[in-house]
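*Asks:* just the structure for this:
(one chain, ligands or ions: 1)
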Amino acid sequence: MDAGKIFSCEFFPPNTAAGMEKLLNACTELNENMQPAFYSVTFGAGGSNRDRTLDTVDHLREQNTAVAPHISCMGSDRGQIKELLERYIDRGVTRLVTLRGDIPEDGAGTNDFKHANELVEYIRDETGDHFHIEVAAYPEYHPESASPASDFEHFKRKIEAGADSAITQYFYNIDAYLHFIDNCNHASLDIPVVPGIMPITNYKGLVRFSDNCGAEIPRWIRKQLEAYENDTDSLFAFGLDVVTDLCARLLDHGAPGLHFYTLNQSRATLEIWRRLNF
Ligand SMILES: Cc1cc2nc3c(=O)[nH]c(=O)nc-3n(C[C@H](O)[C@H](O)[C@H](O)COP(=O)(O)OP(=O)(O)OC[C@H]3O[C@@H](n4cnc5c(N)ncnc54)[C@H](O)[C@@H]3O)c2cc1C
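*Replies:* Coordinates of the predicted model:
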């Protein structure tokens, strides 16, 4: 493995026992072949979703893996966040991915914390240096941002509030990431910004999700995926070529690691990993 680089994987909390079994199988395969530094577990707004993140963290810890739960401003007040932090400390969790969170479909919004920087500040105030705090970065800009400059200023505020490192939204334009890193260097933000990597395994889902989160699928990729829409094997093979090449170029350009959005599946991530020759 490339010394000093951090490779990690993301899971979402499954809804069913069968989904949990699938996730744990994916985790076993990733542990055997890749040994990620940690698994992050996404967070949905609302009480039951909060518990599902915690439940997934518990299942993963039984596999002797380092886990980084995501924690967000959505639907939790100060007291609920404090309680959650205590539960994570009790479980030996030392890394958090700290976010504002997606706005849920029922429109329920933020509570005591309006933006991720406020939550980072609160976690630092309450728990000192206990947690390594990751935040989100957007090389292609967050969809709600007023301007590129203000989006970057808001990113900066999260680092100034005490974040240790960042994971990006996924992207397929390497120049967007390199430009973001240039901006960090100019602003003397000396923290690792790890590219988020979305393997390509499906056309419609990727387009829908990318439109929502503001990730651009370049025309040459989109057109080829469209052509392979009903040819799963060719689409998968093309996706592997594109994403492996992206990962290799990112690492060549000095990216401090890679964070794979696995969607609870190991196959594409492991094939990319194998091709990267670690
Ligand atoms: C690595 C990663 C993991 C993610 N995991 C999850 C998850 O588990 N659950 C989930 O719901 N979502 C998740 N998301 C999505 C994320 O929650 C959304 O993109 C959300 O809309 C923004 O979250 P943030 O932490 O980037 O917010 P912020 O940094 O708060 O930014 C949100 C928007 O507000 C603006 N802004 C920021 N601070 C201020 C301020 N002080 N004043 C005015 N405007 C401001 C920013 O420019 C941006 O447009 C994840 C995203 C990434 C990249």
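
*Asks:* can you give me the helices for this protein?
*Replies:* Taking DSSP state H, the helices of the chain run over residues 17-33, 47-61, 78-90, 116-127, 148-160, 174-186, 203-213, 219-227, 232-252, 267-275.

*Asks:* by contact count, what packs against the third one?
*Replies:* Contacting helix 78-90 under the criterion 3 or more CB pairs under 8 Å, 6 or more residues apart in numbering; DSSP states H and E are the following elements: helix 47-61, strand 67-72, helix 116-127. Where C-beta positions appear, they are placed from N, C-alpha and C, glycine not excepted.

*Asks:* which of these sits closest to residue 3?
*Replies:* Of all those, it is strand 67-72 that lies closest to residue 3, at 21.2 Å by CB to CB.

*Asks:* next, format the helices of the chain as a markdown table and append mean neighbour count.
*Replies:* Converted to a markdown table, the helices of the chain look like this (neighbours: other CB atoms under 10 Å):
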| stretch | mean neighbour count |
| --- | --- |
| helix 17-33 | 15 |
| helix 47-61 | 17 |
| helix 78-90 | 15 |
| helix 116-127 | 20 |
| helix 148-160 | 17 |
| helix 174-186 | 16 |
| helix 203-213 | 14 |
| helix 219-227 | 14 |
| helix 232-252 | 17 |
| helix 267-275 | 19 |
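
*Asks:* just checking, residue 260 touches residue 194?
*Replies:* No: between residue 260 and residue 194 there is no contact under CB atoms under 8 Å: 10.4 Å.

*Asks:* what residues does the stretch 51-200 of the chain have near the ligand?
*Replies:* The stretch 51-200 of the chain has residues 70, 72, 97, 99-102, 115-117, 136, 142, 144-145, 150-151, 154, 157-158, 167, 169, 196 near the ligand, with proximity defined as CB under 6 Å from any ligand atom.

*Asks:* quick revisit: format the helices of the chain as TSV; extra columns: mean pLDDT.
*Replies:* Shown next, in TSV, are the helices of the chain (pLDDT from 0 to 100):
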stretch	mean pLDDT
helix 17-33	97
helix 47-61	89
helix 78-90	96
helix 116-127	98
helix 148-160	98
helix 174-186	98
helix 203-213	95
helix 219-227	97
helix 232-252	98
helix 267-275	98
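
*Asks:* residue 77: neighbour count?
*Replies:* By other CB atoms under 10 Å, 12 other residues sit near residue 77.

*Asks:* which residue sits closest to it, ignoring its sequence neighbours?
*Replies:* residue 111 (4.6 Å; CB to CB, 6 or more residues apart in numbering).

*Asks:* what's near enough to touch that neighbour?
*Replies:* Counting by CB atoms under 8 Å, 6 or more residues apart in numbering, residue 111 makes contact with 73, 74, 75, 76, 77, 78.

*Asks:* from residue 273, how far out is the last one?
*Replies:* Remark: distance between residue 78 and residue 273 (CB to CB, to the nearest Å) = 40 Å.

*Asks:* sweet, I'm off.
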